[in-house]
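Asks: next one to model:
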Amino acid sequence: MTNIHDIARLSGYSVSTVSRVLNHQNYVSAKTRGDIEAVINKLDYVPNVVARNLSRGATLTIGVVLPHVDHPYFTQLLHGIMRAAFAANYHIVLLPSKWDSQLELKYLEALRQHAYDALIFTSHGLPLKKLAVYQRYGRIVLCENPHDYSLPAAYAQRTATYVEAFTYLKQRHHQRIAILTSRPLEVSATTQAMVGAYEQVYQRTLSPKLLYTGIITAEDDEHAGTYFAQLTEPVTAVLTNGDDIAVGMRRAYLAAQRPVPLLIGQEHQLSGEVLGIPTIDHHFEVVGARALELAISEHPQSIALPAELIINN
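Replies: Prediction:
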């Protein structure tokens, strides 16, 4: 296999001069550059990018661990990450996980082997304690509050806005409220924030019958809508986990010919604007961009970004 030493020998120039040509550096005369490039073209030489990255201690590649892209939380984060990566001349590798701890360990081991400069976890199945162990091998960035763990993170201040949403409902005398989330309470920081905000505002425990998990798409929400529409004691409001999810909920209630409860969406999607429903905008594209910045920063930190409740009239 041709290497830089072969080019130097055949061109009659030093390895350092050949290296400057290959790396498009200055301080090489036009004649020297032409002589060396002629040998490169004759040998059809292509630099070994992996070896070059290893020699400089960076791959310029960031791995993004995400369970799926079926919910705007992940797509919006990914849009922000990719735009920031493009601007910084970094490559992004998508690492699907489905919250599988063994897959996530595989990605962490790849970080340990310097396959990536950093990993961004948009969500995770492994406990934070396990992720923190691996940060000795490379940068690990979260998209949630790291709490007591010294992991850099960019995240939306969800709890404050959830409290605002439930306060909005309480002021309008809604007492029987359902919550829709994607993952169970015991494993999801988002579900914990939603339920915790409800209990903070209403000063009571949320009934398990009013927490419906496993909601990712509008189709999932139609099943939830069918369930709630058939309850003997109806709910009067629902905090959904997406504006499109609220659309599915509404569709199910209309199909059951039941009064549609007040719906609150999330992620400020076009569907929410069309329905004119309240929504929570977590600005996840901004969160994603900041997560990428932390992944390549020399001074990582935790950044809490404000979210907002939007009341569409």
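
Asks: CA only for contacts and neighbour counts going forward, please
Replies: Noted.

Asks: now do the helices in the stretch 201-313 of the chain.
Replies: Assigned by DSSP state H, counting those that start in this stretch, the stretch 201-313 of the chain shows helices spanning 218-229, 243-255, 270-275, 284-296.

Asks: so what does the last one touch, helix or strand wise?
Replies: This means helix 284-296. helix 72-87, strand 118-121, strand 139-142, strand 153-156 (3 or more C-alpha pairs under 8 Å, 6 or more residues apart in numbering; DSSP states H and E).

Asks: same list (the ones you listed) but as a markdown table, adding mean neighbour count and mean pLDDT.
Replies: Formatted as a markdown table, the entries for the helices and strands packed on helix 284-296 read as follows, by neighbours: other C-alpha atoms under 10 Å; pLDDT from 0 to 100:
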| stretch | mean neighbour count | mean pLDDT |
| --- | --- | --- |
| helix 72-87 | 19 | 95 |
| strand 118-121 | 26 | 98 |
| strand 139-142 | 26 | 96 |
| strand 153-156 | 26 | 96 |
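
Asks: the ones you listed into CSV, with extra columns for distance to His299?
Replies: Converted to CSV, the helices and strands packed on helix 284-296 look like this (distance: least, C-alpha to C-alpha, whole Å):
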stretch, distance to His299
helix 72-87, 17
strand 118-121, 14
strand 139-142, 11
strand 153-156, 12
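
Asks: between the ones you listed, which one is closest to Ala237.
Replies: helix 72-87 (21.8 Å; C-alpha to C-alpha).

Asks: among the helices of the stretch 201-313 of the chain, which is nearest Leu105?
Replies: helix 284-296 (18.7 Å).

Asks: can you pull up the most central residue in this protein?
Replies: Thr122 (3.4 Å; C-alpha atoms, centre = their mean).

Asks: quick one: low-confidence ranges for this structure?
Replies: The chain contains residues with pLDDT under 70 at 1, 47-57, 313.

Asks: burial count for Ser302?
Replies: Applying other C-alpha atoms under 10 Å, we find 21 residues neighbouring Ser302.

Asks: okay, strands next: where are they in the stretch 101-250 of the chain?
Replies: For the stretch 101-250 of the chain, the strands defined by DSSP state E, counting those that start in this stretch occupy 118-121, 139-142, 153-156, 177-180, 211-212, 237-239.

Asks: and the second one, how far out from the chain's middle?
Replies: Yep, that's strand 139-142 we're talking about. 11 Å (C-alpha atoms, centre = their mean, to the nearest Å).

Asks: what helices and strands are in contact with that strand?
Replies: strand 118-121, helix 128-134, strand 153-156, helix 284-296.

Asks: turn those into CSV, including distance to Thr213.
Replies: Below are the helices and strands packed on strand 139-142 laid out as CSV (distance: least, C-alpha to C-alpha, whole Å):
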stretch, distance to Thr213
strand 118-121, 21
helix 128-134, 22
strand 153-156, 21
helix 284-296, 21
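
Asks: and Gly34, which of those is closest to it?
Replies: helix 284-296 (35.9 Å).

Asks: put the alpha carbons of that closest one into PDB.
Replies: Taking Å, rounded to 0.1, in the frame of the first residue of the first chain, the C-alpha atoms of helix 284-296 are listed here in PDB:
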ATOM      1  CA  PHE A 284     -35.300  21.700  21.100                       C
ATOM      2  CA  GLU A 285     -33.500  22.800  18.000                       C
ATOM      3  CA  VAL A 286     -31.600  25.400  20.100                       C
ATOM      4  CA  VAL A 287     -31.000  22.700  22.700                       C
ATOM      5  CA  GLY A 288     -29.500  20.400  20.100                       C
ATOM      6  CA  ALA A 289     -27.200  23.100  18.800                       C
ATOM      7  CA  ARG A 290     -26.000  23.900  22.200                       C
ATOM      8  CA  ALA A 291     -25.400  20.200  22.900                       C
ATOM      9  CA  LEU A 292     -23.200  20.000  19.800                       C
ATOM     10  CA  GLU A 293     -21.300  23.100  21.000                       C
ATOM     11  CA  LEU A 294     -20.700  21.400  24.300                       C
ATOM     12  CA  ALA A 295     -19.500  18.300  22.600                       C
ATOM     13  CA  ILE A 296     -16.600  20.100  20.900                       C
END
